[in-house]
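> Structure of the sequence below:
(chains A, B, C and D)
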Number of protein chains: 2
Amino acid sequence: MTATLSDVAARAGVSISAVSRVLANAPSARVRPETRERIEQAAQELGYRPNYAGRALKLARSRVLALVVPDVTNAIFSELMRGVEDAAIDHDHVVLLGRSEDMQPGGSMITKLVGERRVDGVLLQLRDEASRADAAALLRDTEQQGGRSAVVFINSLQDRRAGSVSLPDEEAAAVATRALIDLGHTAIGYLGGLPTAFTAQDRQDGFRRVMAEAGAPVRSSWMTDLGYTADQGRRALRRIWSRGRRPTAVVVANLNAAIGVLAEARSLGIAVPSELSVVALHDAWTAEHTAPALSTVRMPLYELGRAAVEQLISELDQSARRRRRRNLVITDPRPELIMRDSTAVPRGGAVPTSDPEGRTR
Amino acid sequence: MTATLSDVAARAGVSISAVSRVLANAPSARVRPETRERIEQAAQELGYRPNYAGRALKLARSRVLALVVPDVTNAIFSELMRGVEDAAIDHDHVVLLGRSEDMQPGGSMITKLVGERRVDGVLLQLRDEASRADAAALLRDTEQQGGRSAVVFINSLQDRRAGSVSLPDEEAAAVATRALIDLGHTAIGYLGGLPTAFTAQDRQDGFRRVMAEAGAPVRSSWMTDLGYTADQGRRALRRIWSRGRRPTAVVVANLNAAIGVLAEARSLGIAVPSELSVVALHDAWTAEHTAPALSTVRMPLYELGRAAVEQLISELDQSARRRRRRNLVITDPRPELIMRDSTAVPRGGAVPTSDPEGRTR
DNA sequence: TTGAAAGCGCTAACAT
DNA sequence: ATGTTAGCGCTTTCAA
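Here you go, the predicted model:
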């Protein structure tokens, strides 16, 4: 049987409040060293472990966070989750994983979790198909909890009613595009996310900015907004390949979509990279084993996860009134270009346009 | 603010125990329909939600399960997790996700979770590198909790001190091997899991059985046991390719390893499937986008997840003494062959050896 | 420096 | 058919 505070108290010959104070290591615990000793000894011998149900009931804090993402098994999230878990552990919290699909109309799983006080707050990455209205509804629901809970959006909404953490999407897309430009490409396509995706606009902006800076034309027939999945990537490539002039390179706004692009290129008989270079946003182990291995831009997902937790817990620690809801963009470390084998100089030959010192590094 | 039982009671003009009984829908709740009506109405109006900390404290049951797997973002686990979540929800439980790496020596995360009663039980898939000793230590730790918690092993240990659920590994490997045989291959290699992996032996047995049945020779120079990751798959192919005679096909005991095999085949200049056919165990979306698309054997992961939860909760519902710890193998649905483009008749031409009615379907 | 006691929200045994 | 009450394990005021 698990020992309780009163077991420890009995064994140490003190009151349970003394034990509680000592073990909580409260600064207010002015205890005789000797007593502290006895208590710690007893706790040790009994293998005392605090019971979190008791604690949660008393403190009205479960020390559980929910992490809700569109697709748990997306390799891209690996780092995110590690960041979240590590930060949660640092703060003696624990994390519950959910799928955003379960966030359906009406009795959303999240509302339930929060309403039953099973979790103190939620880290939420909305599905790309989610509407602002969904988000608003959720926000309203959780606000009803008397501000005792909070939600932090990950890579989704930026809104003053909630905290958020996001990736430097604009910059990452810029880095990818710049890499292609530096190789000598100017005929570059862009395969982006769904128009409803929260990251879609920024990434496209980054692409456009660098193209403009380089004086390269942006052709709308080389731009798609079909989505971040492999199948959507396939469709996107098929589409731009079917319309007249063709680009010598594409930046694909998502790694999984790029995996689809590579697969489709193969069935279309397009040689990568000699005929078409491809760079993807996001990196994961899968990128090393595609054919050819994908050049990518690595994003600070681990740090994003950590930051999300810090933000959430800090909100939770503030009273609902004076809560500081920050909208953070994680820029440390910066997006990093990882050159593999899916990129090369364009067929005509390299025409280095910009700085030879290589700011692509 | 969240309403409590006594808020509801006050509003309905009854005692809190009446409310508790009605809302718990206890069979013993012999209540006047009229009272029930009033109570339900009040609960409705107040938006009452049970507080799980209170419930957990009283019942000594958190209704939280931990799911601990080696790698959360492995696409293979997608279905497993869906199964686990769905079943958990059916039983009004919630699931916490952990990584087996955190199960390190000494203060394993699992022991902590269980000791603090944050979870009632754990679904555990051991890492392939985990030793029987690790498992035993963990078992001992959780048993100390006075048998109030339980662990169910997933695809790992089979032991009478704990329940377990497993995949039909032998059969799946047999199905994969049979597919190759039916195509006319007899020179077949086998790229397996680490010798310490709990599934390694069964899968290899399945391979050997079908080879024996077909009268095909098993050559040890075509067998490896390097592991289930992509990199390990690459190494495995390199190894068997470097030793004299070469097989015309391989069964790879894991999808991710097979992704590595394909990548390595490419850099070795081996044509798949014309020169080498490959079939992998396990299926996931990634298999559709490899080059060429991978032929696989799909396993009942969703059902495995569900079964694991059912087993765990059923153990939890029994008193520690008379607990039935079952070791289940999930065979419904059976392993299913999914033919894609990584398999073909061997170069020499097809020599259909066995039943033309096609038992590979 | 230490202890007594109240109370967080809930369930269930017992009383009415 | 419904109400009263004790108590799950914990933290924290208040008193000594």
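> Contact partners for the residue of the stretch 201-350 of chain A found nearest DNA strand C?
Nearest residue of the stretch 201-350 of chain A to DNA strand C (C-beta to the nearest atom of the strand) works out as residue A:320 at 15.7 Å. (Each C-beta comes from the backbone N, C-alpha and C, glycine too.) Listed by C-beta atoms under 8 Å, 6 or more residues apart in numbering or on different chains, the contact partners of residue A:320 are A:146-148.
> List the contacts of residue A:126.
Per C-beta under 8 Å, 6+ apart, neighbours of residue A:126: A:70, A:100, A:134-135, A:153, A:156-157, A:198.
> per-residue confidence for the residue of the stretch 201-350 of chain A closest to DNA strand C?
Residue A:320 carries a pLDDT score of 80 in this model.
> A strand includes it, no?
No: under DSSP: H, G, I helix; E, B strand; the rest coil, residue A:320 sits outside any strand and is assigned coil.
> Let's see the PyMOL selection covering just the buried ones among the contacts of residue A:126.
Burial among these is assessed by 16 or more other C-beta atoms under 10 Å in any protein chain shown; the matching PyMOL selection reads:
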select buried, chain A and resi 70+100+134+135+153+156+157+198
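> Give me the lowest-pLDDT entry from the contacts of residue A:126.
For the contacts of residue A:126, the pLDDT minimum is residue A:100, 75.
> so residue A:278 touches residue A:296, yeah?
No: here residue A:278 lies out of contact with residue A:296, judged by C-beta atoms under 8 Å, at a distance of 9.7 Å.
> what is in contact with those two at once?
residue A:258.
> Tell me the helices and strands packed up against the helix or strand of chain A with the lowest mean pLDDT.
Of all helical and strand segments in chain A, the minimum by mean pLDDT, DSSP states H and E falls on helix A:132-143, at a mean of 80. If you count contacts as 3 or more C-beta pairs under 8 Å, 6 or more residues apart in numbering or on different chains; DSSP states H and E, helix A:132-143 packs onto helix A:109-115, strand A:150-154.
> With adjacent residues omitted, what lies nearest to residue A:143?
For residue A:143, ignoring the flanking residues on the chain, the nearest one in space by C-beta to C-beta, 6 or more residues apart in numbering or on different chains is residue A:161 at 7.7 Å.
> typo on my end, residue A:169
Distances taken as C-beta to C-beta, 6+ apart place residue A:202 nearest to residue A:169, at 3.7 Å, with adjacent residues excluded.
> Now tell me what touches the strand or helix carrying that neighbour from outside.
Assigned by DSSP states H and E, residue A:202 belongs to helix A:200-213. For helix A:200-213, the external contacting residues (C-beta under 8 Å, 6+ apart) are A:128, A:169-178, A:181, A:188, A:190, A:192-194, A:217-218, A:223, A:225, A:251, A:253, A:281.
> Same question for stretch A:42-60.
Residues outside stretch A:42-60 that contact it (C-beta under 8 Å, 6+ apart): A:2-5, A:7-8, A:11-12, A:19, A:23, A:61-63, A:117, A:148, B:51, B:53-54, B:56-57, B:60, B:62, B:112, B:115-118, B:144.
> one more time with 6 Å
With contact meaning C-beta atoms under 6 Å, 6 or more residues apart in numbering or on different chains, stretch A:42-60 is reached by A:3, A:7-8, A:11-12, A:62, B:53-54, B:56-57, B:115-118.
> who are the neighbours in contact with the single nearest residue of the stretch 101-250 of chain A relative to DNA strand D?
Closest to DNA strand D within the stretch 101-250 of chain A is residue A:117: 13.4 Å, counting by C-beta to the nearest atom of the strand. For residue A:117, the contacting residues are B:51-52, by C-beta under 6 Å, 6+ apart.
> I appreciate the help and will end here.
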